[in-house]
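**Q** 3D model of this:
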Amino acid sequence: MRQGDKVLGLVCLLTLLHYTGAYMRVPVLPLYATAHGATPTQVGLVMGAHMVVAAISAIPFGLASDRWGRRTLLLGGMALSALTSLLLPLASLPPGLMVIYGAAGLGVAAFTPSVMSLVGDVAAPGAMARAYGWYTMALYAGFGLGPILGGYVAQGWSERAAFVVAGIIIAAALAAGGMLPRVETGAARSAPLAAFDQVRRNRRVWAGWIATVSGLGLWGAILTFFPLLARERGILPLEIGLVLGVQAFVNTAARVPAGWLLDRTGTRRPYVLGGLVAAALATALLPHASGRADFVLLSAVIGAAFAVTFVAVGAALSEATTPATRGLAMGGYSTAIYIGMGLASIALGPVMAGWGYAAGFTLAGAAGVLGTFVTAVVWGRALKPPPPSPPPRAAS
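**A** Presented below is the predicted three-dimensional model:
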């Protein structure tokens, strides 16, 4: 087995464990905060602090991974994630929770660009999309397992116990990460200003970022407002969870097949654009669904579209950069994720409240189509990835 494949397997394990622990906190923290007297506005500030800090710091941490190495930032991010999880039970008032969960955003921001860049560094020639398929499958499995495990522990024991278990799981990932070798890419380190200039002039990187904002805007709209739409239609909370679970399952299961398809065809742009349009149209149709079966079908379509889109985006960003600038590009990708989700939640709220869910989801879909058009224009005609670079070496 290639050394790079071994590193990729370990990276997928670390990603699964880290995000399972990190996402255990997501459904539990609002319940914990309100149980200690926090208002809905204060809960929003606590959760928002995490996203704002992650969005602001992802690009600097990505640049740091280009200069100091992926391993250092990756392990440091997991250490901070584990520490903040163990500190959460010691706080109960909103200001303290905001500070700790904001610091947890630093951990995620250090981990994500570094691990995404490392996947690109070790991918076998001609198998970039498959590598990102495996990585994102582990990522979304963590997204799905974390909330389930967090809710189970919180219901069976307590919210504080859920935070502690989350910290233990991330600490286990940190321990396993000690086996991660330093990967030598053979690329010279760029000065920060030079790296920024290279990325700034790279149309494919900008296209990937715009596509990410567009796609995550759709996802943010669904996660925030679909439960409210479904409740208005008389759908029970468990059924709402199952509908969203179908999306998560299809999104996860389709990642590796999508990577295989992308590597076989050797193209990225058509899959990014087609996936975004499909997701946008399905999102706009959600308020027009006539029953539970329609919701499940649309949810599955959205999950499959996201799988194809974001495997293609990850591969395209990695192929459009060198190891010396890949962390910076992936930091921008992480920032784009939080911008897309945040914009959807903030901008669509007044529309949903004032004009209804049909108008709100139609606007979300239209914004997704517009983002797809902008992505196509910025990307230009670059349809095929460049020739693969020589594989990196794991330092002994």
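**Q** Only C-alpha atoms from now on, for both contacts and neighbour counts.
**A** Fine.
**Q** my guess is residue 336 meets residue 207, correct?
**A** No - taking contacts as Cα atoms under 8 Å, residue 336 lies outside contact range of residue 207: 11.2 Å.
**Q** got the buried residues for the biggest helix by length in the chain?
**A** In the chain, assigned by DSSP state H, the helix with the most residues is helix 3-35. Within helix 3-35, the residues that count as buried by 16 or more other Cα atoms under 10 Å are 3-4, 7-30, 32-34.
**Q** which stretches of the stretch 51-200 of the chain form strands?
**A** Here the stretch 51-200 of the chain has its strands, by DSSP state E, counting those that start in this stretch, at 183-184.
**Q** what residue ranges in it score low on pLDDT?
**A** Scanning the stretch 51-200 of the chain for pLDDT under 70 picks out the ranges 184-193.
**Q** So which residues of it form helices?
**A** Ranges of helices within the stretch 51-200 of the chain are 70-87, 94-122, 128-156, 159-177, 192-200, based on DSSP state H, counting those that start in this stretch.
**Q** tell me which strands and helices the second one is in contact with?
**A** Contact here means 3 or more Cα pairs under 8 Å, 6 or more residues apart in numbering; DSSP states H and E; on that basis helix 94-122 packs against helix 3-35, helix 40-68, helix 70-87, helix 128-156, helix 292-319, helix 326-355.
**Q** Is it possible to get JSON lines of those helices that adds distance to residue 375?
**A** Formatted as JSON lines, the helices and strands packed on helix 94-122 follow (distance: least, Cα to Cα, whole Å):
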{"stretch": "helix 3-35", "distance to residue 375": "28"}
{"stretch": "helix 40-68", "distance to residue 375": "20"}
{"stretch": "helix 70-87", "distance to residue 375": "28"}
{"stretch": "helix 128-156", "distance to residue 375": "19"}
{"stretch": "helix 292-319", "distance to residue 375": "11"}
{"stretch": "helix 326-355", "distance to residue 375": "13"}
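**Q** Can you check which of those gets nearest to residue 101?
**A** helix 40-68 (5.5 Å; Cα to Cα).
**Q** Buried residues of that closest one, list them for me.
**A** Buried, per 16+ other Cα under 10 Å, within helix 40-68: 42-43, 45-67.
**Q** try stretch 113-124
**A** 113, 114, 115, 116, 117, 118, 119, 120, 121, 122, 123, 124.
**Q** Find out how far stretch 40-53 is from the centre of the chain, if you would.
**A** Centroid separation for stretch 40-53 versus its chain: 18 Å, with Cα atoms, centre = their mean, to the nearest Å.
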